[in-house]
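Colleague: Starting from these lines, generate the structure:
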Amino acid sequence: MANFLSNIANPIDDDTIDELFEACISYGIIEEDAQLDEFEPWQLRQWLKEVREENAAQDHFASFYSY
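Modeller: Sure thing, here's the model as predicted:
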């Protein structure tokens, strides 16, 4: 029987390089005039992970100071 609660990643759910590239542009990680072939998917994933973790930490700590 399958365990649907497991945390196993499915590669079909991974973002494509185009989606990663667009997300990096929207977060301001890379310039809008950058070329897609200048970057590797692992590099874009790592940058997005770092930015999202930083944003989550800022949101978490900002909640302590809300009035």
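Colleague: for this structure, which spans come out with low pLDDT?
Modeller: Along the chain, segments meeting pLDDT under 70 span 1-4, 66-67.
Colleague: and with 50 instead?
Modeller: Along the chain, the model assigns pLDDT under 50 to no residue.
Colleague: hey, which helix is longest across it?
Modeller: Secondary structure of the chain per DSSP state H: the longest helix is helix 41-62.
Colleague: for it, which positions count as buried?
Modeller: 44-45, 47-48 (16 or more other Cβ atoms under 10 Å). Every residue, glycine included, has its C-beta placed from N, CA and C.
Colleague: Now do the contacts for the most centrally placed residue in the chain.
Modeller: Compute the mean C-alpha point of the chain, and by Cα atoms, centre = their mean the closest residue is residue 48, 3.4 Å away. Contacts for residue 48 (Cβ atoms under 8 Å, 6 or more residues apart in numbering) come out as 20, 23-24, 27, 29.
Colleague: please redo it, this time with the cut-off set to 7 Å
Modeller: Shown in contact with residue 48 (Cβ atoms under 7 Å, 6 or more residues apart in numbering): 20, 23-24.
Colleague: With distance to residue 63 and secondary structure added, can I get these in TSV?
Modeller: As requested, the contacts of residue 48 are exported to TSV (distance: Cβ to Cβ, whole Å; DSSP: H, G, I helix; E, B strand; the rest coil):
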residue	distance to residue 63	secondary structure
20	29	helix
23	25	helix
24	27	helix
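Colleague: which of those residues count as buried?
Modeller: Buried, going by 16+ other Cβ under 10 Å: 20, 23-24, out of the contacts of residue 48.
Colleague: picking up where we left off before, which of the buried residues of helix 41-62 lies closest to residue 57?
Modeller: Closest to residue 57 out of the buried residues of helix 41-62 is residue 48 (14.9 Å), distances taken as Cβ to Cβ.
Colleague: Against residue 65, how distant is the closest one?
Modeller: 27 Å (Cβ to Cβ, to the nearest Å).
Colleague: ok, for residue 36, nearest residue in space, not its chain neighbours?
Modeller: Leaving aside its chain neighbours, residue 36 sits nearest to residue 21 (5.3 Å; criterion: Cβ to Cβ, 6 or more residues apart in numbering).
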